[in-house]
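**Q** this is a predicted model, with the sequence first.
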Amino acid sequence: MAGPGVLSMSASWVSGRVALVDTNGYGSNGAVACYVVRGSGGAALVDVGYSTSWEFVLNGLRDLGVKLNDVRYVFLTHFHLDHAGGSHAALENMPNAQLMVHEAAVRLLIDPSRLVDAALAAFGQDIAHYIGGLQPIQPERIEPVKEEGYDLGDLSLEVLFTPGHAPGHISIHLESENSVFTGDAVCVKHPALSFPLPPASPPLYDVDSALHSLERIASLKPKTLYTPHFGPRRADRSLFEEEAAALVEWRDEIGRMLGEGMGVNAIAESLRKKLLEKHGVDLDRLDRYVRDILLNRLLKISVHGYMGLLMRRMR
């Protein structure tokens, strides 16, 4: 096995057993990660990016020396297309793999039309060429996961139910190195930004569940978090405290503005302005992905998610 280090522009071993493949999500490096875990009894993938990114995943696996026939599991932390879009292509190329998902995601993957429509409505038709689609998955290739360990020979991947971002969200604990593949149970954190961005996707975002899931991951005292947006993060108590504080601060701030009668665009613009001023960030110096995806489209999506949560509580 290759040791830690960069093998290509898109794939690298980040520990002895874990590799990161940059899926070039939204046409950008450092946006959407796919992880590969290799044990003595086969390999597993954790999330596969958008369907439009599949060639990057395929090339990354080749560069890493991972044989497609050796992949036993394709874990999806949840059903959003930046994590699940490439799952049909993955299963087509990996004859021995099962798609491992929370039970709540099964019907959506068998008939993914709603997922595709929702993603395009949220992000905008003008970037449909990045979002792509998702072809229906054959039911016999899907295995609903339980909260238990899944064997790869000399290591085990333990599934944790971590709802909040989505009802059927899971994270995965790699016990042998005490690391966690978080999915969107943690915030988006980009090197150009010193602050976390809560991924509060509508329509069923639940901040209380998200806080509980954060605490559940923290209780494991992991050394490393393998995050989708983006890359490995060294875990310590301050990280979890910062993330939890951001979730609560956004809830309270959006709730205040909603109470003043502000709409989603006005709330998003106000939040963006306050974040940039507070942290001394010059919007014009940021690249397209950070400026247009993270601080524009994703920020508005998260505002929608919080607004939906707060309005449900008002009923």
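**A** All right, it came through fine.
**Q** any idea how far apart the tips of stretch 280-296 sit?
**A** End-to-end distance of stretch 280-296: 17 Å, with Cα to Cα, to the nearest Å as the criterion.
**Q** quick one: mean pLDDT for it?
**A** For stretch 280-296, the mean pLDDT works out to 92.
**Q** buried residues in it?
**A** 281, 286, 289-290, 292-296 (16 or more other Cβ atoms under 10 Å). C-beta here means a position set from N, CA and C on the backbone, and glycine is covered the same way.
**Q** hang on, Phe195 in a strand?
**A** No: Phe195: not assigned to a strand; according to DSSP: H, G, I helix; E, B strand; the rest coil it is coil.
**Q** I'd assumed Leu275 was in contact with it.
**A** Yes: at 6.1 Å, Phe195 and Leu275 qualify as touching, with contact defined as Cβ atoms under 8 Å.
**Q** next one: phi and psi at the residue nearest to Met100 when sequence neighbours are not counted?
**A** Leaving aside its chain neighbours, Met100 sits nearest to Phe75 (4.5 Å; criterion: Cβ to Cβ, 6 or more residues apart in numbering). Main-chain dihedrals, Phe75, degrees, to the nearest 10: phi -80, psi 130.
**Q** which strand residues bridge Phe75?
**A** Beta bridges link Phe75 to Val46, Met100, judged by DSSP bridges.
**Q** would you quantify the distance from Val18 to Leu211?
**A** 27 Å (Cβ to Cβ, to the nearest Å).
**Q** ditto for Leu99
**A** Distance, Leu99 to Leu211, using Cβ to Cβ: 29 Å.
**Q** repeat that for Gln135.
**A** In terms of Cβ to Cβ, Gln135 sits 35 Å off from Leu211.
**Q** for Asp70, same thing?
**A** The gap separating Asp70 from Leu211 is 38 Å, by Cβ to Cβ.
**Q** just give the number of residues close to the closest residue in space to Ala104 that isn't next to it in sequence.
**A** Leaving out its chain neighbours, the residue that sits closest to Ala104 by Cβ to Cβ, 6+ apart is Gly168, at 3.0 Å. Neighbour count for Gly168, taken as other Cβ atoms under 10 Å: 21.
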